[in-house]
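Asks: turn this into a model:
(6 chains)
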6 protein chains.
Amino acid sequence: MLLEQTNQLTYQVTGTGVNLLTNLKSFGMEVSLLTSLPDNHVGKAAASDIRKYGIQDDFIYFNQHHHIGSYFVELGYGIRPTVVTYQNRLASAFCQANPESYHLEAAVMANDIIHICGITLLLNEKTRTTALELADYANRLGKKLYFDFNYRPSLNTEHSHEFIKAQYEKILYKADVVFGGIRDIKELLDISVNQEKSYGSQLEEGIQILKQKYGVKTYVGTSRNDRDGKHMISGFMDGESFKMSQEWPVEIYDRIGAGDAYAAGIIYGLNQETWSEEEVLEFATCNAVLAHTIPGDVPYTNVEEVQSLMNGERQTLIR
Amino acid sequence: MLLEQTNQLTYQVTGTGVNLLTNLKSFGMEVSLLTSLPDNHVGKAAASDIRKYGIQDDFIYFNQHHHIGSYFVELGYGIRPTVVTYQNRLASAFCQANPESYHLEAAVMANDIIHICGITLLLNEKTRTTALELADYANRLGKKLYFDFNYRPSLNTEHSHEFIKAQYEKILYKADVVFGGIRDIKELLDISVNQEKSYGSQLEEGIQILKQKYGVKTYVGTSRNDRDGKHMISGFMDGESFKMSQEWPVEIYDRIGAGDAYAAGIIYGLNQETWSEEEVLEFATCNAVLAHTIPGDVPYTNVEEVQSLMNGERQTLIR
Amino acid sequence: MLLEQTNQLTYQVTGTGVNLLTNLKSFGMEVSLLTSLPDNHVGKAAASDIRKYGIQDDFIYFNQHHHIGSYFVELGYGIRPTVVTYQNRLASAFCQANPESYHLEAAVMANDIIHICGITLLLNEKTRTTALELADYANRLGKKLYFDFNYRPSLNTEHSHEFIKAQYEKILYKADVVFGGIRDIKELLDISVNQEKSYGSQLEEGIQILKQKYGVKTYVGTSRNDRDGKHMISGFMDGESFKMSQEWPVEIYDRIGAGDAYAAGIIYGLNQETWSEEEVLEFATCNAVLAHTIPGDVPYTNVEEVQSLMNGERQTLIR
Amino acid sequence: MLLEQTNQLTYQVTGTGVNLLTNLKSFGMEVSLLTSLPDNHVGKAAASDIRKYGIQDDFIYFNQHHHIGSYFVELGYGIRPTVVTYQNRLASAFCQANPESYHLEAAVMANDIIHICGITLLLNEKTRTTALELADYANRLGKKLYFDFNYRPSLNTEHSHEFIKAQYEKILYKADVVFGGIRDIKELLDISVNQEKSYGSQLEEGIQILKQKYGVKTYVGTSRNDRDGKHMISGFMDGESFKMSQEWPVEIYDRIGAGDAYAAGIIYGLNQETWSEEEVLEFATCNAVLAHTIPGDVPYTNVEEVQSLMNGERQTLIR
Amino acid sequence: MLLEQTNQLTYQVTGTGVNLLTNLKSFGMEVSLLTSLPDNHVGKAAASDIRKYGIQDDFIYFNQHHHIGSYFVELGYGIRPTVVTYQNRLASAFCQANPESYHLEAAVMANDIIHICGITLLLNEKTRTTALELADYANRLGKKLYFDFNYRPSLNTEHSHEFIKAQYEKILYKADVVFGGIRDIKELLDISVNQEKSYGSQLEEGIQILKQKYGVKTYVGTSRNDRDGKHMISGFMDGESFKMSQEWPVEIYDRIGAGDAYAAGIIYGLNQETWSEEEVLEFATCNAVLAHTIPGDVPYTNVEEVQSLMNGERQTLIR
Amino acid sequence: MLLEQTNQLTYQVTGTGVNLLTNLKSFGMEVSLLTSLPDNHVGKAAASDIRKYGIQDDFIYFNQHHHIGSYFVELGYGIRPTVVTYQNRLASAFCQANPESYHLEAAVMANDIIHICGITLLLNEKTRTTALELADYANRLGKKLYFDFNYRPSLNTEHSHEFIKAQYEKILYKADVVFGGIRDIKELLDISVNQEKSYGSQLEEGIQILKQKYGVKTYVGTSRNDRDGKHMISGFMDGESFKMSQEWPVEIYDRIGAGDAYAAGIIYGLNQETWSEEEVLEFATCNAVLAHTIPGDVPYTNVEEVQSLMNGERQTLIR
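Replies: Modelled structure (predicted):
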């Protein structure tokens, strides 16, 4: 339904952090979210849903800013794309929270992996400071730092290229595993690669330079293509070496959250001792494929379902 | 859901005029609907929805006939067709409105283009008289007259072939742009073409005869085919010369209203000074393709979305 | 919700016959409906729901008139009344059914009680003929004939007073038990009573005259009053003698169908061998009280619930 | 349902202006709204709904601020109050619209009455400037200026008392008809009255001073009381002289919008040539009583319904 | 929607018997269900829905066991399978009903065909006894006995292979037409076939042995395959001789009930005097194809729709 | 809606423990639930909702019994009572859980108050053993034991009076605070009181005997009455001395869960150091009054709302 066609909305508490953590919890990891919510009925209801997802609420804070960031989704179908309309984010309790209102050190100490979404770098000074302090603590306390570019030019038109690049570079120097694309490498970080080579070669070359410059250990991401009227997705990873997953056809029920599902697959996979990087990559890609078939942004997949898809099982009914 | 499966209905104020005008408004044109509604809560709610679509209500009349034409739609899926069950139309405020209850001359004067749906020619004497008088005013006041056959044999079993043909001919002599198919030409108007030629050639030949006989300037329509398990649609137009659009695969969410979307695309396109007939045709066909993906009968597409499809952009998500 | 506020409708197959029979079935009687429905998906779905209510479908006929009578209900609240907007009824399969399309004699033979709603007398010649023939068969085959005035002036503006009165008189001469009010006696049948007496005395006097003139055995009905901001209902009955029930306060969830519930209570009660007329009257009134608290037109009450109310039990929760 | 209990929301485009204008339109007046909406799908959908209410959209502007003010309502029941949780308003397209982006003079010229809601005085500099300029134009162009205090201390904690008072005074000097309460007189405007007198006398005294000081012609408002477990409402008006309406019991389905309904009743009534002030007051109060029984904020009442209540008719069902 | 995503459930009274009988009724046969339901509101509502489907309720019994078997369905999409979670069945009124509580002989006498679902053989001693007595009566009274293996290993882990096989054999000796697959032949009945031959040859060989051993006249079933990313279904039948239907691509809206639709197609087809076995097989397969496109478990198809698909008509809209 | 009227259900994870703990959490206490759920999608969804309520899931266990206890609620209105239809409970994961599958000692150690619902004493041997062991641990580890009779004769028809009494006595000897009524005292525990005295005096006398015999410190409960067509509720408590709360009128939206709200009010109140018993009693009663106005079984009230009601504030709208 389009917004003009109905006065019934289905709402879901969501966001890249919530999506990723819910998926990791569903894979069996213990997860915790650091954020701020308004101290009113809307904020309380949001916290309830976050707990429902299995996310620990120890580092969720409530403050007097009464707003929560929200957006409207009109789900696409076939060749009609999904349309997302954002409402004000900057007035949100999250954006207005002072860095000192968090127990950042305690939060980092209580977890083994810290994952930061790049959107926080550009929202405002407060979220940026919080993100960078969090990264600092991660480095100082010897925790793994995962970072996702999540850079959307259309949502960030107020800052100069140089400013944006500088913020991303600050955190890249601290990060272990980075989620991004080729656009982030070439356009955001100004890394130049041989434009005449294939997409794969450019990617490999760019990642190589990025890893050396910033000391990043692993760089991962996805590619999307349309082939014979089908939407295809594949993943790439450069940890020990550069590799790409097979290309999977995607049937889209709900496109949002698939990128978070991919990241969750990578995080989970990299923390499985016996998995090769190839397995991790295939697992994450299959998880993203499955996430496209799930209504809503939050990817409710589990390990068994993903592996069943990886193994080529094609079930239509499970009793 | 089938009718037997639920007691929850979603209702939409619709009809070929409403669909077409809403789409034109969404393209940026000012539009007005001439119709009659019952002077009760149902009629008032219908007028509200018509205003909601952006259609001017200056020529909407209310009368004492308390009925509104309605139908039930059970949406199809895959190989299962959508089923439409009509309720009584003839008792409706629209069908029972006297031609003199309208300000026809004022309505024609207030608009640049007059579009008449052929269904009105066969409903009853009142709607037929209104339609023909409207066409007269359009000619006398020098306004462009668009006419859509919209002829469905299954809904018109009470009149003789000769009677039906005579009514259509009356209006064809006054029309500038006509929407129809090859069946209308061959079976309704008894225009004979070389049956041994291809579909395209028969169509071209038939249109040629029709244009000469009735003085119609442009004849447009669509063809549908199933190819490799896919439903395909293409448009044709004969204004300056005969041409056909490329064939587009169609994913159907809701089939109803796609023909009205095609007509809206043609009307909008023909009124764009800089567009070639080829562009108009491709625009209208793409608009029909998009309309199939929209729930409900009313095609909520805009120019940007249609052109993005024309240009081969394949987006899954717009933020 | 008002019609202008939503595009979601809940639909229910209903009508005075359906309401009354469903209630009688729920009381434990076997019931059958004689009617006609359109031979399409809408008619089939209606028949499904009628069977669902437990009503035998042996005398439900399908014909080629594709319309079904319908109305929209906007439920009231507190001092805001419920508003019913009727759509066309005369084009319905029921109104257009020829009397000879029914097996009237078989239908009467298969049942012990025949109940006719007065609305059929004024819809059109076809429904009137069917109703009168049915009454004839009931008399000839020795079945009890129940008749409900159900006369609503606002829905019957096309006939003269004399015509209407004549039709009602035809059937009153054949009826055993009649449902009506004081307005039917005084205004429709022109029976004059002493206007200076109380409402109760006028009613008693009027019924006395009616019973003698037409040979009716029992006349029953309800009165409504507002007292101290409360809506009150009471029933009256004149079989062996004239009596009125106690006055019951009514909390209204859905007003429609309460009259049918009262009639069902009377019919059921008169067929219980051991019940006094007082008990029948109190049972029917309590049934109407309960029916006001049930969503939708169809009164889903059972004997145990009604008697629990009669006995003054005030339960808030049954496990 | 409480927010924690559901993920289904019903949304309605609303606000004091929308509520009041919809009601006036439903009474038969032509109405127009001056506001700004975001130029995106959410803003377009809002404009659609505003048109649906019958409000002219000539003075609705779209700008690049992508936010729309919104709030969540958890409807109360019995002794449980309705709870409203506001989201950010200041980032809204309305609050961020520059005064010069409107055609204020044209808007005032096109209408006979200008109604301004006091909330705009305190939101920010832009809305305040727009409101005051609008009032200026109304005075200069000889249009009636209606003004509603609508002052809610809990939503205005950032300004000093003196600042707030100063803004209200600016507009009071220009206003003809003012909607407010006794609190506005005593606490906001610092008008001192004899505290030992009754509520009614204090009100009369306070209004007298206010009218003389600012040159206001008519001051109107409502009082609420709980009596015997019932919620009661009455209206007061001081135009020619001070008078109070009778006290009406209120059954609450949805409390929001009742104040706007009262204002609409006053505006409509004051513009009926033949109505006395007593009639106007009773009409407005009854309209507010009815508005409490309607789901949603927008009061869909019409003149006939209000007068039926005024006349003591107590209908439960209208067919 | 997944169970974790919503608190709104759509419920449907269903089960292999209900699905099959509803479909047969829709094909034009008179059908009756023998079962037991709880004597409470849930059981009564279930009986209402069964009547709604057009199934006679003469052999539906109510008993004091207050439970009804139920399951939750999370509908799949694309590569994500539908997941069914069963709740307790053994406590149900159906499983706890004593065989002597039914009028089995009367039920068999009142029908021409008796169809038994194999699930009843393994639920408990009571349902098994009832099933076997029913089969006995069918043989003794000369009625055709149809039997469906419906064997799901995952739901039957408590019995030994030998026990299960013995129960199935008891009924196979009495059955005329049997629905099953190759797994039932090879694994459940331990019939050995040449494993080196193709699937079709093994099937043909296995059925031959089964028919001879148990005296079964006809053995029918379906095969499913994934080919080129499409889900395919075909049927097989061995009555006069072994034959397979063409392979049909399947678009899945709701997978559940398709097997029952296939069985209904076979039963209906075998009872059409003029149909060849080939026609029966194609009809049943097309019916299963259509059933996949219908929401809910109950296959609401009719003869005309199935034959239209068989004949290769590809309609998108029926008016 | 009644069950026969709809196929849409709203489901809520509920039960006396869940209701009480959610309410306590909302009052600000940390709470934990000891229970068992099925290890499938239904059990996982239930656990999600329990977390959503803010209840710790450390002592929630999953086992292989795939059933969860459930019931259907048809909400009453006015004089029509709410009807609850229970489905099978004994097959549930909770009832089938072995006492040794819990870490009872750890659970008791981790909490300050242990609350046991009397229903567990009669379900089966397993739940009874678990309840009694839990009570033992509470005594041994010096934790306060709260116990709620929750005895419903209609749900416990299989045990003898002596057996039931014996089970309750076992736990009464260990309990500190007991929730019950006069029926529990007189009929379940066979405590005889002077029947000629008033209800209040009998209650006081009975509690006195109970407290002495079993060593219970505090006995609390509620009384319900209908007075002048209003449903009234009051609480009683005998800790330091016997006292009764004032009688409050109750408007019922949803009756279920009000008893749990009363218990939550008592538990919270008894743990507030500065509250007198009178305050505790009034707080709990007001909480129960509020709980009647909340949809669903779970009472989402907070301290501020309850105290506002206690203080006689009558708000209709909170912004």
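
Asks: excluding its backbone neighbours, what's nearest A:Asn302?
Replies: In this structure, A:Asn302 finds its nearest non-sequential neighbour in A:Ser26, 5.2 Å apart by Cβ to Cβ, 6 or more residues apart in numbering or on different chains. Placement of C-beta: from N, CA and C, glycine included.

Asks: of all the residues in the stretch 201-319 of chain A, which one is nearest chain C?
Replies: The stretch 201-319 of chain A approaches chain C most closely through A:Pro295 (19.6 Å), counting by Cβ to the nearest Cβ.

Asks: tell me who's in contact with that residue.
Replies: Under the criterion of Cβ atoms under 8 Å, 6 or more residues apart in numbering or on different chains, the contact list for A:Pro295 reads A:Tyr253, A:Asp254, E:Met1, E:Leu2, E:Gln5.

Asks: cutoff 6 Å now
Replies: Applying Cβ atoms under 6 Å, 6 or more residues apart in numbering or on different chains to A:Pro295 gives the contacts A:Asp254, E:Met1.

Asks: now the one 4 residues further on
Replies: Listed by Cβ under 6 Å, 6+ apart, the contact set of A:Pro299 reads A:Asn23, A:Gly257, A:Ala261, A:Ala291.

Asks: columns distance to E:Ser276, pLDDT and neighbour count on top of these, output as JSON lines?
Replies: Rendered in JSON lines, the data for these read as follows (distance: Cβ to Cβ, whole Å; pLDDT from 0 to 100; neighbours: other Cβ atoms under 10 Å in any protein chain shown):
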{"residue": "A:Asn23", "distance to E:Ser276": "54", "pLDDT": "98", "neighbour count": "28"}
{"residue": "A:Gly257", "distance to E:Ser276": "52", "pLDDT": "95", "neighbour count": "27"}
{"residue": "A:Ala261", "distance to E:Ser276": "51", "pLDDT": "98", "neighbour count": "29"}
{"residue": "A:Ala291", "distance to E:Ser276": "48", "pLDDT": "97", "neighbour count": "30"}
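
Asks: nearest to F:Asp49 among those?
Replies: Looking at these and their distance to F:Asp49, the nearest is A:Asn23, at 19.1 Å (Cβ to Cβ).

Asks: for that closest one, give me its contacts.
Replies: Neighbouring residues of A:Asn23 by Cβ under 6 Å, 6+ apart: A:Ala261, A:Ala264, A:Pro299.

Asks: I'd like the distance between it and A:Val303.
Replies: Using Cβ to Cβ, to the nearest Å, one obtains 11 Å as the distance from A:Asn23 to A:Val303.

Asks: any idea of the pLDDT on the spatially closest residue to A:Gly180 that is not a sequence neighbour?
Replies: Across the structure, with Cβ to Cβ, 6+ apart as the measure, the residue nearest A:Gly180 apart from its sequence neighbours is A:Phe149 (4.0 Å). What the model reports for A:Phe149 is a pLDDT of 96.

Asks: hmm, A:Phe149 is touching A:Asp184, no?
Replies: Yes. Under the criterion of Cβ atoms under 6 Å, A:Phe149 is in contact with A:Asp184, at a separation of 4.5 Å.

Asks: of the contacts of A:Pro299, closest to chain B?
Replies: Nearest to chain B among the contacts of A:Pro299: A:Gly257, at 10.8 Å, using Cβ to the nearest Cβ.

Asks: wait, isn't that closest one in contact with A:Asp297?
Replies: Yes. Using Cβ under 6 Å, A:Gly257 makes contact with A:Asp297 at a distance of 3.9 Å.

Asks: quick one: A:Ala288 is in a strand?
Replies: No. Membership of A:Ala288 in a strand is not supported by DSSP: H, G, I helix; E, B strand; the rest coil, which gives helix.

Asks: okay, now it: neighbour count?
Replies: Neighbour count for A:Ala288, taken as other Cβ atoms under 10 Å in any protein chain shown: 29.

Asks: that one: what's it in contact with?
Replies: A:Ala288 makes contacts with A:Ala258, A:Ala261, A:Tyr262, as judged by Cβ under 6 Å, 6+ apart.

Asks: now do the phi/psi pair for A:Val84.
Replies: Dihedral angles of A:Val84 (phi, psi; degrees, to the nearest 10) stand at phi -110, psi 130.

Asks: ok, the one 5 residues further on next?
Replies: Note on A:Arg89: its backbone torsions stand at phi -100, psi -30 [degrees, to the nearest 10].

Asks: from A:Val193, how far off is it?
Replies: Between A:Arg89 and A:Val193 the distance, using Cβ to Cβ, works out to 33 Å.

Asks: likewise A:Thr316?
Replies: 44 Å.

Asks: swap in A:Ile294?
Replies: A:Ile294 sits 35 Å away from A:Val193, going by Cβ to Cβ.

Asks: kindly report the same for A:Asn98.
Replies: Distance of A:Asn98 to A:Val193, given as Cβ to Cβ: 41 Å.

Asks: so these two - more neighbours on which side?
Replies: Each of A:Asn98 and A:Val193 had its neighbours counted (other Cβ under 10 Å), and the higher figure belongs to A:Val193 (18 against 12).

Asks: which residues touch A:Asp176?
Replies: A:Lys144, A:Leu145, A:Lys217.

Asks: per-residue pLDDT, it?
Replies: 98.

Asks: pull the contacting residues for A:Gly76.
Replies: Neighbour list for A:Gly76: A:Thr82 [criterion: Cβ under 6 Å, 6+ apart].

Asks: now the strands for chain A?
Replies: For chain A, the strands identified by DSSP state E occupy A:8-10, A:35-38, A:60-63, A:71-74, A:82-86, A:113-117, A:144-148, A:177-179, A:218-227, A:230-238, A:242-244, A:248-250, A:317-318, in order along the chain.

Asks: quick one: A:Gly142 and chain E, what's the gap?
Replies: A:Gly142 is 35 Å from chain E, where distance means Cβ to the nearest Cβ, to the nearest Å.

Asks: repeat for A:Asp260
Replies: Looking at A:Asp260 against chain E, where the rule is Cβ to the nearest Cβ, the gap reads 16 Å.

Asks: check A:Glu169 too.
Replies: Taking Cβ to the nearest Cβ as the criterion, A:Glu169 is separated from chain E by 39 Å.

Asks: just A:Lys213 next, same as before
Replies: For A:Lys213, the distance to chain E - Cβ to the nearest Cβ - is 39 Å.

Asks: again with A:Ala131
Replies: For A:Ala131, the distance to chain E (Cβ to the nearest Cβ) stands at 30 Å.

Asks: give me the residues contacting stretch A:190-203.
Replies: By Cβ under 6 Å, 6+ apart, stretch A:190-203 touches A:Ile182, A:Ile185, A:Glu205, A:Gly206, A:Ile209.

Asks: and which of those residues is nearest to A:Asp57?
Replies: A:Ile185 (36.2 Å).

Asks: now the buried members of the contacts of stretch A:190-203.
Replies: With neighbours counted using 16 or more other Cβ atoms under 10 Å in any protein chain shown, those contain these buried positions: A:Ile182, A:Ile185, A:Glu205, A:Gly206.

Asks: stretch A:84-102 vs chain D: in contact?
Replies: Yes. Contact between stretch A:84-102 and chain D is present through A:Thr85, A:Gln87, A:Asn88, A:Ala91 (criterion: Cβ under 6 Å from any Cβ of the partner chain).

Asks: brilliant, that's me finished.
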